[in-house]
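Asks: need a 3D model of the sequence below.
(2 chains)
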Amino acid sequence: MLSFIVKRIGSLIPVCLGVLLIVVGMIHFVPGDPVDIILGDYATLEDKNALRHELGLDQSVIKQTVAYIGHAAKGDLGHSLIYQKSVNVLIMERLPATMRLAIASLIVALLISVPLGIIASISAGSKLDFAAMSFAVSGVAIPTFWLGPLLILLFSVELGWLPVSEMGSWKSYILPALTMGTPLAAALSRITRNSMLDTLKEDFVRTARAKGCSESRVILSHTFRNASLPLVTVIGLQFGVLMTGAIITEKVFDWPGLGSLLVEGINTRDYPVVQGCVLFFSGSYLLVNLLTDIAYSLVDPRIRLST
Amino acid sequence: MRHITFQHAFRLPSPWSLLATLICASTFVTPRLSSAPKTTLSIAFEDNIRSFDPRQSVDANSQYIEDLVHCSLMGFDPDGKAIPIALEADPTWVSPKILEMQLRKNLKFSDGTAVRAEDVAATYNSLVKNKELRRSSAFEGVEKIESLSDGRLRFTLKRPDASFPTNLVVGILKEDEIKAAGIDPSTLKGCGSYKLKSTGINEIILESNSFSSILPKLSLIAIKIVRNEKTRYAKLRAGEIDIVQNGISRDTLRTLERRNPNLKVLKRPSLKTTYVGFNMKDSLVSNPAIREAISLAINRQEIINIILNGMAVPARTILPPTSAYFSEKLPKETYDPQNAERILDKAGFVKKDKFRFEVSLKTTTDVTRISVAKAIASQLKRIGIKVIVEPMEWGRFKLDIDQGRVQLWTLTWVGFKDPDIYRYAFATENFPPNGANRGWYSNPTLDTLLESGREKNDFSDRKKIYDQIQDIVEHDKPYIFLWHEENFAVVNKDLAGFDLYADGRYSALQHSYFQ
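Replies: Numbering: from 1, shown residues only, chains lettered A, B, ... in the order given. As a prediction, the model looks like this:
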């Protein structure tokens, strides 16, 4: 098991390095001067040059890249040009908001998808199955930038039940979590249904029924438990997507998370913030993948042996 | 094998019980209405506050906060005219290079301590000495700052600069805070009407400063950072926001005005001037006949009415008509496409296959800017000029202009308070990267006048110089001035005493209240 984990971690190092090089290199080829944004239009050339020197932007791209990689290896993601704060601090300030939204979205997705998938599988071919799968197709097709404003208009503006945006009480989580959770719920309900249908054909299900188990026990304890393996894998991968893909939802709901930090960084040419966020996103995605692999190998030892 | 059905496997509540639960939940989450007037106001800003240190505030939002939390020697009235704030009267030029002023008595910081001339001197000295401070460039021409007896202050300049009093708008800090390593927002003491209560990522709360000379009626102001325009619109409609200034598109504004009786729209002429710039290094557009013809062929009023929802006034020069330095002698802008065609014919630019020549017009990716550029292209097509509209992301756009990779471009001058803006925009010494003469326009007569305008302290002398400057710029047309856009705000209809300022500041909040 330990060698499996070490091998997986080892394979992540070149990926991390590649991401680092691409991000640091590419951002310097984007036109636009952060000094212009920081000092505004009325600053003198002397002031601009002084600030450029202070921020190290007068050095060559190679020098800046090497210095950045050196610092990043020590865990220092640099200093924001705009906020005049450490990027590590900025990320840590915003991370809880993104984590909470990702978890809330995952809960919403599971609350919708698991019952829907089970219902669809045990009523396979019926109108109920058709309705559930129609939801699944629509959910995948609906973009978040459309669903979010629509939910706001209905529940916040017209009905006045929920706040439009801002992170605050539990009510403020409902709409963004629904927005992010719906497409995921749609995908998960299809996976649940298919996996359940396969498992329902297994011999042990027939045996459980023959032993006189109640139908709900057969479905939940015997079938769903065994059918949930692909679900675990997908949930793990999707959690990484939720962590890194909340940019649009965060923008629509003004969620103070990492996605909005990244967009602010791009708009203001805050190179260290953009680099830090992208690195953090890649790192978390890789970590979630690693944890999923480990979890999967724990559930199914054949995976460990074949790697 | 038994046939499995959903009903067989699970028992679900009836649809009626689900509906009852939903109604109960809606009662629980619907906010209760209160009849008492509100004392907390919510404003939506489009972007973050970058710094709470007034010496570092170069972005508009930081300066809006600075205006509420700090007092400054000078400020601006609703029309953008410089007025004394923490001073007894306007500063006096005792010589072309020495400016003296008297600090107002009984001014206090939010901890109750008096504002002293030493605090003012320390604030401005830190800007003179510390080049890393973002606003230090405005004080490069300062030789020394002295606090004299009885709250008098003296600024000695290295060279005469009549526009200098408009720089004295930096919020006054306590001398001991300046000596500390950095400004901590949680302990920051200002002498404005409000003080910082909390500073979150997306929300800044200000509370009234009980030591302020004017005690505000609104006890709390919540500044919410709402970056998405659609979200700002929804928050306004839902009553979560009381003021949004300029942060709603003009099309949405029409809908809001029609549909929401709980909101009102305020408008005021602003200090913004939109123009079409010409690259004088370009062999084609450096031709005066082409610039003249383009100016005559643009129907400003038509674009204002259709694209800007009528919320602008045609411009004749950079300065808006509300400026004391605006020259009344300037000819009114005219729309005369026939004359434009005659001028082009006479200059030898005759039509070949519908068009005389082709030019590129660069603009930003802002939706309104693109619409304006397309409208200009369409109007110029009528006189046989083919315009290629090139919308560009801001960084690339600015780089192209600064490096002269442009023929025509549209942009807006924002926030200028003094006619010295002409020197920054048109003096030969201000070619990029030194300044903003991005059209590479050069006129030695104008350069001499711009220097004189900078040095003369007497208003009437200065006015005469700037009248000449405006005449020259009008004649040479390095820019075609299009319009001065109006500032507008969508405001809760119960909010009284709130007026718009030409530069967008929120100074009126100290007199505002909910009815």
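Asks: from chain B, which residue is nearest to chain A?
Replies: As assessed by CB to the nearest CB, chain A sits closest to residue B:395 within chain B, at 2.0 Å. Quick note: C-beta positions are derived from backbone N, CA and C, even for glycine.
Asks: what's the burial count for that residue?
Replies: Residues near residue B:395, counting by other CB atoms under 10 Å in any protein chain shown, number 19.
Asks: one more: residue A:95?
Replies: With other CB under 10 Å as criterion, residue A:95 counts 16.
Asks: close enough to count as contact, it and residue A:258?
Replies: Yes. The criterion here is CB atoms under 8 Å, and residue A:95 meets it with residue A:258 at 6.3 Å.
Asks: show me what contacts the residue of chain B closest to chain A?
Replies: Residue B:395 is in contact with A:30, A:31, A:32, A:33, A:269, counting by CB atoms under 8 Å, 6 or more residues apart in numbering or on different chains.
Asks: what does the stretch 301-450 of chain B put close to chain A?
Replies: Counting by CB under 8 Å from any CB of the partner chain, the residues of the stretch 301-450 of chain B close to chain A are B:393, B:394, B:395, B:396, B:398, B:399, B:424, B:433, B:434, B:436.
Asks: remind me which residues of the chain are low pLDDT?
Replies: As the question left the chain open, I've gone with chain A. Counting by pLDDT under 70, chain A shows low-confidence ranges at A:40-42, A:245, A:299-307.
Asks: you looked at the wrong chain, it should be chain B
Replies: Looking along chain B with the criterion set at pLDDT under 70, you get B:1-36, B:181.
Asks: re the thing from before, and which of the residues of the stretch 301-450 of chain B next to chain A is nearest to residue B:462?
Replies: Taking CB to CB as the measure, residue B:462 lies nearest residue B:424 of these, at 16.2 Å.
Asks: coming back round to it: the residue of chain B closest to chain A sits in which helix or strand?
Replies: helix B:394-402 (DSSP states H and E).
Asks: just the CA coordinates of the longest strand that chain B contains, formatted as CSV?
Replies: What stands out as the longest strand in chain B, according to DSSP state E, is strand B:479-492. Taking Å, rounded to 0.1, in the frame of the first residue of the first chain, the C-alpha atoms of strand B:479-492 are listed here in CSV:
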residue,chain,number,x,y,z
TYR,B,479,-8.6,64.7,-30.5
ILE,B,480,-12.3,64.9,-31.5
PHE,B,481,-14.2,65.5,-28.3
LEU,B,482,-17.4,63.5,-28.3
TRP,B,483,-19.3,64.0,-25.1
HIS,B,484,-19.3,64.3,-21.3
GLU,B,485,-21.2,61.4,-19.9
GLU,B,486,-23.5,61.9,-16.9
ASN,B,487,-23.0,60.2,-13.6
PHE,B,488,-26.1,58.3,-12.6
ALA,B,489,-27.2,56.4,-9.5
VAL,B,490,-30.1,54.0,-8.8
VAL,B,491,-31.1,54.9,-5.2
ASN,B,492,-33.7,53.6,-2.7
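Asks: show me which helix runs longest in the chain.
Replies: All of this is about chain A. Longest helix in chain A, counting residues (DSSP state H): helix A:87-122.
Asks: nope, chain B please
Replies: helix B:459-476.
Asks: how far off centre is stretch B:165-184?
Replies: 23 Å (CA atoms, centre = their mean, to the nearest Å).
Asks: now swap in stretch A:253-260 and tell me
Replies: The chain centre lies 13 Å from the centre of stretch A:253-260; the measure is CA atoms, centre = their mean.
Asks: what of stretch B:341-348?
Replies: Counting by CA atoms, centre = their mean, stretch B:341-348 comes out at 39 Å from the chain centroid.
Asks: let me know the helix or strand that residue 204 is in.
Replies: Going with chain A. Using DSSP H and E, residue A:204 sits in helix A:203-210.
Asks: looking at chain B here, not the other one
Replies: Assessed by DSSP H and E, residue B:204 sits inside strand B:203-208.
Asks: what helices or strands is that strand leaning on?
Replies: Secondary-structure packing of strand B:203-208 (3 or more CB pairs under 8 Å, 6 or more residues apart in numbering or on different chains; DSSP states H and E): helix B:60-69, strand B:194-199, strand B:220-225.
Asks: quick one: that strand to strand B:194-199, angle?
Replies: Orientation check (axes from the mean of the first three to the mean of the last three CA atoms, to 10 degrees): strand B:203-208 against strand B:194-199 gives 150 degrees.
Asks: what are the pairing partners of strand B:203-208, and which direction each?
Replies: Strand B:203-208 pairs in its sheet with strand B:194-199 (antiparallel), strand B:220-225 (antiparallel), by DSSP bridges.
Asks: looking at these, which is buried most?
Replies: strand B:220-225 (a mean of 21; mean count of other CB atoms under 10 Å in any protein chain shown).
Asks: who's in contact with that strand?
Replies: A:166, A:254, B:39-49, B:65, B:68, B:194, B:197, B:201-208, B:235, B:241, B:509.
Asks: before we move on, back to that, return a PyMOL selection command for the buried portion of the residues of the stretch 301-450 of chain B next to chain A.
Replies: Only the buried entries of those go into this PyMOL selection, using 16 or more other CB atoms under 10 Å in any protein chain shown:
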select buried, chain B and resi 394+395+396+398+399+424+436
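Asks: can you redo the residues of the stretch 301-450 of chain B next to chain A as CSV with distance to residue A:130?
Replies: CSV is the format used below for those (distance: CB to CB, whole Å):
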residue, distance to residue A:130
B:393, 46
B:394, 49
B:395, 51
B:396, 50
B:398, 55
B:399, 56
B:424, 68
B:433, 66
B:434, 70
B:436, 64
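Asks: now, which of the residues of the stretch 301-450 of chain B next to chain A sits nearest residue B:414?
Replies: Nearest to residue B:414 among those, with distances taken as CB to CB, is residue B:436, at 11.9 Å.
Asks: distance of the closest one from residue B:218?
Replies: Separation of residue B:436 from residue B:218 (CB to CB, to the nearest Å): 38 Å.
Asks: residues touching the nearest residue to residue B:311 once chain neighbours are set aside, list them.
Replies: Nearest in space to residue B:311, with sequence neighbours left out and distances taken as CB to CB, 6 or more residues apart in numbering or on different chains, is residue B:486 at 4.3 Å. Applying CB under 8 Å, 6+ apart, we find residue B:486 in contact with B:267, B:268, B:269, B:270, B:311, B:312, B:313.
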